[in-house]
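**Q** Provided below are the primary sequence and the corresponding predicted coordinates.
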Amino acid sequence: MVRIQTESQIFFHYNSIFILYENKLFNWKVSLGIILIWIAPPFIYFLKELLGIGQTSLFTGVVYSTALILLINHIPLKIFYRGNEMLAFTGLSFFFLGFFYFIFYNSQKSSIIVDAINFAILIGFIYCIFRVNNDVQYYIPVIILIVTLINNFALIYSISTNPNYVLGARATVQYNKGTGEEFSGNPIVFGRNAVAGLIVSFLIIHKKALEFIGNKSIRINLVAHINILVSFVVLILTQSRGNFISVGLCIIFYLVFGNYSVLKGFQSSKITILYYLIVLGILQYFNRAFKIIETFNRYSDQAYEFLLRALNTGLGINNSGTTQDASALNRVQNIDMIKKIISRDWFDFIFGKGYKFWYVDIPALEAFVNFGILGVLLFCIFNLFILYYIILGVKSNNLFQNFISLFYINLFVAVFTGGRPLDFSYWVFYIILIRFLLILPKNKLASE
């Protein structure tokens, strides 16, 4: 009888260990799926354009489909986890309003196939992420750290091997389409990645006491110190005004609302101190050889000049002889055009001009143009609710909540500076906020 009890205890012991490791493996798998569709796109662009892997959207679609497959789990199909109910109501109402307009009131037929694929992926993402356990919040930060660092190095490699790149130009991945055209690309996505890298690295360094995978790892802490410097360099190289503004707002927001201890947060190990001593030595050498401080000052002055020119153009206070910012001027002209279009007909004011009628490059305003008064109200209320909830999120003792709260500020700036209200990349993050913002894990982190 004693022997039977002993064997039974051994069986249940090993069975519990197996279940524990199975859950950990599943959480890693799901976390990777979320990151592939959310944080990894800059590396996807790097592979597509620089290395020539998949010259069409097919490669991107395959990667996103792989992400959705990774999100699939074994729980019954009808079971879903709770998200942020207020964000779900306002945000998904706007999203499906846009989907309704896409089907029945579409002003842009040329991109209908791409838009249909994007909607399908986003709807699949909504379905899958509401079936994901809240415990993945412990796993995601370390993957964000690693992926943002890889994205940063991908950009640095791209410009260092690009003969068309000139130091001082905005850094991005070269579009390798075999056309022989001049250097081109989109630096904003890499600048946004740099913002994510700065935020997650800072939080990992500053909030080691919180529960997340790698919180006690010296190596992860060292990687965070490396990434925060590399992300800062990439942010400067990309020269994206919106990203500069969002970083400044993140700092202010964290200082005002954050739950932190300055002394406890920056206690460093000997390895970290040694790392910074080595970095200082390398910087000293490169400054003598390549005058990097002078280059940094030139980049800073240029970024400040770009920002000031954009503000002056937008506010209409440029002198007649002053060069205007083309991007800001285009937005001003779009606003004037929209005033004329909307004022002609009450129907347009109430119901809008249709899906993707006009590219305004200001999502909040385009929501009004395309979807009318209901669309802009839903979109603005949705973002205002998020703004309220992130104040609570940044005070949370959960690092993932801190990260998505601070990183949303980057998206909030974009809502008024660039893009479209139903941009795919925006809604991937919106869906993550709807699912996880202020929805905390009930289980404590199991020891690794």
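**A** On my side now, so go ahead.
**Q** Any chance you could list what contacts stretch 143-162?
**A** 31-32, 35, 39-40, 42-43, 46, 50, 165, 171-174, 183, 190, 193-194, 196-197, 200-201, 204, 214, 220, 223-224, 226-227, 230-231, 233-234, 237-238, 403 (Cβ atoms under 8 Å, 6 or more residues apart in numbering). (Each C-beta comes from the backbone N, C-alpha and C, glycine too.)
**Q** do that again at 6 Å, thanks
**A** Identification of contacts with stretch 143-162 by Cβ atoms under 6 Å, 6 or more residues apart in numbering yields 31, 35, 39-40, 42-43, 46, 50, 165, 171, 173-174, 190, 193, 196-197, 200, 227, 230-231, 234.
**Q** pLDDT (mean, whole number) over that stretch?
**A** If you average the pLDDT over stretch 143-162, you get 92.
**Q** Show me the shaky parts of the stretch 1-150 of the chain.
**A** With pLDDT under 70 as the threshold, the stretch 1-150 of the chain has low-confidence stretches at 1-22, 50-56.
**Q** mind listing the helices for it?
**A** Secondary structure of the stretch 1-150 of the chain (DSSP state H, counting those that start in this stretch): helices at 2-38, 41-45, 57-71, 85-104, 112-129, 140-160.
**Q** again, but for the stretch 151-300 of the chain
**A** 187-206, 218-238, 241-257, 262-265, 270-290, 292-315.
**Q** Can you tell me which of these is nearest to I129?
**A** In terms of Cβ to Cβ, the element of those nearest to I129 is helix 187-206, at 18.3 Å.
**Q** what about the closest residue to K444 other than its chain neighbours, neighbour count?
**A** Using Cβ to Cβ, 6 or more residues apart in numbering and skipping the chain neighbours, the partner closest in space to K444 is E211 (7.0 Å). By other Cβ atoms under 10 Å, the residues close to E211 number 15.
**Q** what's the distance between E211 and D135?
**A** 10 Å (Cβ to Cβ, to the nearest Å).
**Q** if we can go back for a sec, what's the residue nearest to K444 sitting at in phi/psi?
**A** Main-chain dihedrals, E211, degrees, to the nearest 10: phi -90, psi 120.
**Q** State the distance from it to K356.
**A** Taken as Cβ to Cβ, the span from E211 to K356 is 43 Å.
**Q** can you check P441 too?
**A** Taking Cβ to Cβ, one finds P441 at 39 Å from K356.
**Q** Looking at those two, which is more packed in?
**A** Using other Cβ under 10 Å as the criterion, P441 and K356 rank with K356 on top: 23 against 17.
**Q** before we move on, back to that, out of the helices of the stretch 1-150 of the chain, the one nearest L377 is which?
**A** Judging the helices of the stretch 1-150 of the chain by Cβ to Cβ, what sits closest to L377 is helix 85-104, at 9.1 Å.
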